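Engineer: I'd like to go over a predicted model; first the sequence, then the structure.
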Amino acid sequence: MITIRNLSKVYESQDKKVEALKNINLTINKGEIFGIIGLSGAGKSSLLRCINLLETPTSGEILINGTDITKLRGAELRETRKKIGMIFQHFNLLMNSTVYDNVAFPLRINRVPEAEIEKRVLELLEIVNLSDKKDSYPSQLSGGQKQRVGIARALANNPDIILSDEATSALDPTTTESILSLLKDINKKFGITIVVITHEMDVIKHLCNRVAVIEDGVIVEEGSVIELISNPQASTSKRFLADMIAKLPNPDLIQEHNPTEEVLRISFFGEDANKPFISQMVKQFDVEANIIVGNIESIQDVQVGSLLVKISGSKENIDSAIDFLNNHNLRIEVLKNGSC
Amino acid sequence: MEAANLISYLSELVDLVLPSLWETLYMVFFSTLFAIILGLPLGIILVITDKGHIWEKPKLNRTLGLIINMARSLPFIILIIAIFPLSRLIIGTTIGPTAAIVPLSIAAAPFVARIIESSLKEVSWGIIEASISVGATIPQIIFKVMLPEAMPSLVLGITLTVINILGYSAMAGAIGGGGLGDLAIRYGYQRFQTDVLIAAIIILIVLVQIIQSIGNMISRKLDKR
């Protein structure tokens, strides 16, 4: 669907050159919800805006259904853009137009007959659940309602792709959730490919099938959301997942040079979460286990969690216990004093 | 003064002032109209040819800016005289309110261009980007997005223009343009008829108040932000 090849973007000002995107390669499949997560300034917004050429890439190709859109100009480019809807962090609605006229806007641009526009707009307002607000002005709406208008506008031309530029970053958690589930519904119902950029891990967790992590203009990690969460590699990924990883409440819990005690961080996901591996370990190796902290979350129907466990016993038994856990497809970290 | 005398005095004053008032309104109306016709495209071009905007043309932008600044630095009274040949060419004379419309429109056009430029710059870039993203053409962005979004501010700018032109029209009166300015100078200044001068001033004050109130009202009505 969308293939990005060797994409680079350099911003040049008087005497400075800023490389916002460095040789990005990415494939986004038809019908999936693809997330791009990164800290601010990482280049995620530039990357997203290259996909509908709001930013012109410095080099590289962006293939949408096989056409390199970076080569398009004028009318051809405008026609392509009509098939790529976009929603924005600050909604970007026409403030002096009603909800109805905002949603009708892309259709009027497209010179669709008024009768058809009316039918389509009412249908779209139904989808985003704003039928009763059609004569309101954006200033009379809440943030979530404004974003729904934005979504209806993005859907107006029956796009193949929707680009979401931090669409929930200006919204409170409850509203965020309702907007995310609306996007999910739209993806399911119409099979529209959605590309979201965000700095919120929650958005990725609840919405995306696959994710790319961007750091300083480079994609540092890419894969399914579950893979990323269960085994993050890049430092940015780990930072985003920090609140999902069990942390030591008190560093003094790790005593230095005590061979008969170890504190382990055990991360697990999927079916492993349901197995009684701790009690098996205790029975098999004559060690004692004390669970210090633990959390478990269900992400897109997969259990993901992490536990901090202090085990004590003889050095040999502890070592064999750790081997046992390692063999069970769990990720084990032995915490050293002062490391966490 | 007896009542009968007062009435005849007032009716004389009205007979004197009324034609001048009409001349002023006539000059101001058409000058504003032509100033907008000239200034609006200039203002739009100033905005869209700016760096990073929808029709980036740095050289055109700079040149146009320079010409507008030059035109604005010319004192109005000099401009009228400088434009006499043009007025004669278009209207056939340099005397009277119709002839005054030519320099008034030309003097106000660069002002209008700047006013429209600053109103259009208030339109958030996000909204323009949103319209680019739905495939809007440059004319569609100008006429369906920028102008409607800037309308409340444009109305205030045009109100300011009308009041400015009203002021200029009084100056045009000084060199044969007619209108209230002409009346005030001929009667009030040259013939020491202070009452006529005062009447002209009062009418001008009232006119400015009315124009500003109407402008404010329309702008408020249009503003849904």
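Structural biologist: Cool, got the structure.

Engineer: now the residue lying closest to residue B:126 once chain neighbours are set aside: how far from residue A:35?
Structural biologist: Spatially, and ignoring its direct neighbours in sequence, residue B:126 is nearest to residue A:92 (4.0 Å; CB to CB, 6 or more residues apart in numbering or on different chains). Backbone N, C-alpha and C define where each C-beta goes, glycine included. According to CB to CB, to the nearest Å, residue A:92 stands 21 Å off from residue A:35.

Engineer: then residue B:10?
Structural biologist: Computed as CB to CB, the residue B:10 to residue A:35 distance reads 80 Å.

Engineer: residue B:172 now?
Structural biologist: The spacing between residue B:172 and residue A:35, counted by CB to CB, is 66 Å.

Engineer: what is the worst-scoring helix or strand of chain B on mean pLDDT packed up against?
Structural biologist: Lowest on mean pLDDT, DSSP states H and E among the helices and strands of chain B sits helix B:76-91, with a mean of 87. Helices and strands touching helix B:76-91, by 3 or more CB pairs under 8 Å, 6 or more residues apart in numbering or on different chains; DSSP states H and E, are helix B:97-121, helix B:147-174.

Engineer: can you give me the angle it makes with helix B:147-174?
Structural biologist: Angle of helix B:76-91 versus helix B:147-174, following axes from the mean of the first three to the mean of the last three CA atoms, to 10 degrees, is 100 degrees.

Engineer: what's helix B:76-91 in contact with?
Structural biologist: B:74, B:93-94, B:98-103, B:106-107, B:168, B:171-172, B:174-175, B:177 (CB atoms under 8 Å, 6 or more residues apart in numbering or on different chains).

Engineer: could you do stretch A:319-327 as well?
Structural biologist: Residues outside stretch A:319-327 that contact it (CB under 8 Å, 6+ apart) are A:262, A:264, A:266, A:277, A:280-281, A:284-285, A:287, A:311, A:313, A:332, A:334.

Engineer: just those now: which is nearest chain B?
Structural biologist: Of all the contacts of stretch A:319-327, chain B sits closest to residue A:266, with 46.1 Å by CB to the nearest CB.

Engineer: tell me the phi and psi of the closest one?
Structural biologist: Note on residue A:266: backbone dihedrals following degrees, to the nearest 10 are phi -110, psi 120.

Engineer: chain neighbours aside, what residue packs nearest to it?
Structural biologist: Nearest non-adjacent residue to residue A:266, counting by CB to CB, 6+ apart: residue A:307, 4.7 Å away.

Engineer: any idea how far residue A:246 is from that neighbour?
Structural biologist: Applying CB to CB, the value for residue A:307 to residue A:246 is 6 Å.

Engineer: between the two, which contacts overlap?
Structural biologist: A:265, A:293, A:294.

Engineer: from the contact counts, what lies against the strand or helix carrying the second one?
Structural biologist: Meaning residue A:293. Under DSSP states H and E, the secondary-structure element containing residue A:293 is strand A:288-299. Where contact means 3+ CB pairs under 8 Å, 6+ apart, strand A:288-299 is packed against helix A:201-207, helix A:225-230, helix A:277-285, strand A:302-312.

Engineer: that strand: partners in the sheet, and parallel or antiparallel?
Structural biologist: Each strand paired with strand A:288-299, and its direction, by DSSP bridges: strand A:302-312 (antiparallel).

Engineer: got the angle between the very next helix or strand once past the strand it pairs with and helix A:277-285?
Structural biologist: Using DSSP H and E, the helix or strand that follows strand A:302-312 in sequence is helix A:315-326. Helix A:315-326 runs at 140 degrees relative to helix A:277-285, counting by the same axes, to 10 degrees.

Engineer: how far off centre is helix A:315-326?
Structural biologist: Centroid displacement of helix A:315-326 relative to its chain, using CA atoms, centre = their mean, to the nearest Å, is 36 Å.

Engineer: what is the next helix-or-strand element following it packed up against?
Structural biologist: Where DSSP H and E defines the elements, the next helix or strand beyond helix A:315-326 is strand A:331-335. The contact analysis (3+ CB pairs under 8 Å, 6+ apart) places strand A:331-335 against strand A:261-269, helix A:315-326.

Engineer: partners of the first one, with directions?
Structural biologist: To tie it back to what came earlier, the one meant is strand A:261-269. In the sheet, strand A:261-269 lines up against strand A:302-312 (antiparallel), strand A:331-335 (antiparallel) (DSSP bridges).

Engineer: returning to that earlier point: may I see the helices and strands packed on strand A:288-299 arranged in CSV, with distance to residue B:65 as well?
Structural biologist: Formatted as CSV, the helices and strands packed on strand A:288-299 follow (distance: least, CB to CB, whole Å):
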stretch, distance to residue B:65
helix A:201-207, 44
helix A:225-230, 51
helix A:277-285, 73
strand A:302-312, 59
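
Engineer: just to revisit the earlier point, between residue B:10 and residue A:35, which is the more surrounded one?
Structural biologist: The residue with more neighbours, out of residue B:10 and residue A:35, is residue A:35; 26 against 11, by other CB atoms under 10 Å in any protein chain shown.

Engineer: show me what contacts that one?
Structural biologist: Residues counted as contacts of residue A:35 (CB under 8 Å, 6+ apart) are A:196, A:197, A:198, A:203, A:204, A:207, A:208, A:210, A:211, A:212, A:225.

Engineer: nice, that's everything, thank you.
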